[in-house]
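1. Fold the stuff below for me.
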Amino acid sequence: MTGTFRRIALALAGVGLAVTLAGCEAPPQTSKQTGYRGTGMAQITSPELEAYLKQANVVPPPPYPLEPSDAPLAKDFYQNVQVLGDINADEFNRLMLSITEWVAPTEGCNYCHNPENLASDEVYTKVVARRMLQMTRTINASWTDHVKQTGVTCYTCHRGKHIPTNVWARPAPEDLRGNFIGAKRGHNDPVESVAFSSLPKDPFTPYLLGAEPIRVQGHTALPSDAAHRSIASTEKTYGLMMHLSKSLGVNCTYCHNSRDWANWSDSTPQRVTAWYGIRMARQINAEYIEPLKPVFPATRLGPLGDPLKVNCATCHQGANKPLLGVSMLADHPALAGPRTPAVAPDAAPPADAPDPKAPAKRAPG
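-> Numbers count the residues shown, from 1 in each chain. The predicted structure is shown next:
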């Protein structure tokens with residue numbers, strides 16, 4: 001009987017182990033080759049992730065169809081219209097309804113306006129919204145190298161919330177009181193900004209507000225040339241890359257060729273698009289959000305008193321194309337830009353960078 005019980009116990013233990021391990025198995029995954037074989041140029045996804053992204057990126061319809069109108073311009077019909085005065089009053093009213101649904105569906109117009117005097121700027125959120133409208137128009141008109149013809153609207157970031165889900169501010173200094181380990185210098189904090197890795201937790205201040213060079217590899221084996229980067233700058237760069245990968249839901253090889261990470265000519269066109277996106281985020285943070293610091297109440301500022309700013313996740317939210325590439329500009333053309341010619345950014349990627357309009361290079365088969 002002892003041997004029989006032993007065999008039964010072993011069999012039950014085996015079943016329990018199998019059930020336990022089955023719960024640890026990765027979900028079904030799909031792989032799509034995007035470059036030459038042997039370079040690891042592939043993107044990995046799963047049916048569960050794709051289903052989640054479809055559910056999380058549903059685009060709301062406009063309140064009603066936009067029809068031709070001979071109404072006067074909004075600036076001539078309403079008082080104190082400083083940004084959208086170049087569209088007619090009917091289109092203006094329709095856009096206001098959409099913005100309300102995108103940013104403050106519960107509070108309605110009163111989230112930004114004094115209901116007794118809609119022209120007043122006494123509610124701080126109206127001042128912020130005006131600047132954000134200017135920013136949105138600038139993005140759509142001047143940063144087409146990143147947003148293409150898809151563009152962005154308030155909903156791209158806000159998704160029905162006052163404050164977008166993914167924003168950042170400069171972190172508070174490390175508290176060293178009672179710390180017997182020593183200064184961590186921003187390392188080893190399991191935070192989402194760097195995908196819960198041990199890398200420095202703030203890659204945004206140097207790269208998405210400041211303009212530090214984003215570099216890892218030098219041109220020589222030893223630190224003898226101007227392009228050499230320290231271990232500290234390398235770690236910050238990897239932190240930003242972890243953020244990019246997680247924000248867009250892609251592998252590193254979405255932009256880079258693993259044969260030579262730094263080589264522009266072997267990279268994919270998406271790397272050029274990302275290059276522009278980083279510079280676009282810098283302009284948004286430095287020129288549109290940081291100057292609003294005096295406007296925001298203390299409750300809307302970070303631990304060091306700076307406004308909450310944008311990063312790649314603010315728009316992308318896990319998708320390589322925000323809202324899965326669906327454009328809302330056809331329904332809201334007023335946000336495509338001022339009704340005057342746009343000025344392109346005065347910057348260009350390296351001369352050997354791939355053409356973002358060209359198809360990705362692939363090996364036969």
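2. Next, residue 208: secondary structure please.
-> helix (DSSP: H, G, I helix; E, B strand; the rest coil).
3. quick one, what contacts it?
-> By C-beta atoms under 8 Å, 6 or more residues apart in numbering, the contact set of residue 208 is 240, 278, 281, 282, 285, 309, 310, 311. Backbone N, C-alpha and C define where each C-beta goes, glycine included.
4. tell me the centre residue of the chain?
-> Nearest residue to the geometric centre of the chain (C-alpha atoms, centre = their mean): residue 312, 2.3 Å.
5. and that one, what is it in contact with?
-> So residue 312 contacts 243, 244, 247, 248, 277, 281 (C-beta under 8 Å, 6+ apart).
6. any idea how far it lies from residue 37?
-> Separation of residue 312 from residue 37 (C-beta to C-beta, to the nearest Å) stands at 29 Å.
7. where along the stretch 151-300 of the chain do the helices fall?
-> Ranges of helices in the stretch 151-300 of the chain, per DSSP state H, counting those that start in this stretch, are 154-158, 204, 231-248, 269-283.
8. Report the separation between the closest residue in space to residue 309 that isn't next to it in sequence and residue 210.
-> The shortest distance from residue 309 to any non-neighbouring residue, by C-beta to C-beta, 6 or more residues apart in numbering, is to residue 285 (4.4 Å). With distances taken as C-beta to C-beta, residue 285 is found 9 Å from residue 210.
9. between the two, who's got more neighbours?
-> Between residue 285 and residue 210, counted using other C-beta atoms under 10 Å, the more crowded position is residue 285 (22 against 11).
10. Any regions of this protein where pLDDT drops low?
-> Across the chain, the ranges flagged by pLDDT under 70 are 1-26, 178-182, 217-221, 223-228, 340-346, 356-365.
11. run the last query once more with 90
-> 1-50, 172-198, 213-234, 257-263, 265-266, 338-365 (pLDDT under 90).
12. And the strands in it, which stretches?
-> 30-33, 42-45 (DSSP state E).
13. Tell me which residues of the last one come out buried.
-> Right, strand 42-45. Buried residues in strand 42-45, counted by 16 or more other C-beta atoms under 10 Å: 43, 45.
14. which strands and helices sit next to that strand?
-> Using 3 or more C-beta pairs under 8 Å, 6 or more residues apart in numbering; DSSP states H and E, the elements in contact with strand 42-45 are strand 30-33.
15. What pairs with the strand it packs on, parallel or antiparallel?
-> strand 42-45 (antiparallel) (DSSP bridges).
16. residues in contact with the strand it pairs with?
-> Contacts for strand 42-45 (C-beta under 8 Å, 6+ apart): 29, 30, 31, 32, 33, 34, 35, 249, 250, 251, 253, 254.
17. change it to 7 Å
-> If you take C-beta atoms under 7 Å, 6 or more residues apart in numbering as the criterion, strand 42-45 is touched by 29, 30, 31, 32, 33, 34, 250, 251, 253, 254.
18. And stretch 74-86, by the same measure?
-> Outside stretch 74-86, the residues that reach it (C-beta under 7 Å, 6+ apart) are 73, 87-89, 92, 95, 119, 130, 133-134, 334, 338-339.
19. hmm, which of these are the buried ones?
-> 73, 87, 88, 89, 92, 95, 130, 133, 134, 334.
20. was I right about the second one contacting residue 334?
-> Yes. Counting by C-beta atoms under 7 Å, residue 87 touches residue 334, with 4.6 Å between them.
21. tell me, what's touching the two both at once?
-> Between them, residue 87 and residue 334 share no contacting residue, judged by C-beta under 7 Å, 6+ apart.
22. Excluding chain neighbours, what is closest to residue 171?
-> Nearest to residue 171 is residue 202, by C-beta to C-beta, 6+ apart, at 5.4 Å.
23. re earlier: point out the most buried one among the helices of the stretch 151-300 of the chain.
-> helix 204 (a mean of 25; mean count of other C-beta atoms under 10 Å).
24. circling back to that earlier point, for residue 143, which of the helices of the stretch 151-300 of the chain is the nearest?
-> Nearest of the helices of the stretch 151-300 of the chain to residue 143, taken as C-beta to C-beta: helix 269-283 at 4.7 Å.
25. just the angle between the closest one and helix 231-248, please?
-> Calculated by axes from the mean of the first three to the mean of the last three C-alpha atoms, to 10 degrees, helix 269-283 forms an angle of 100 degrees with helix 231-248.
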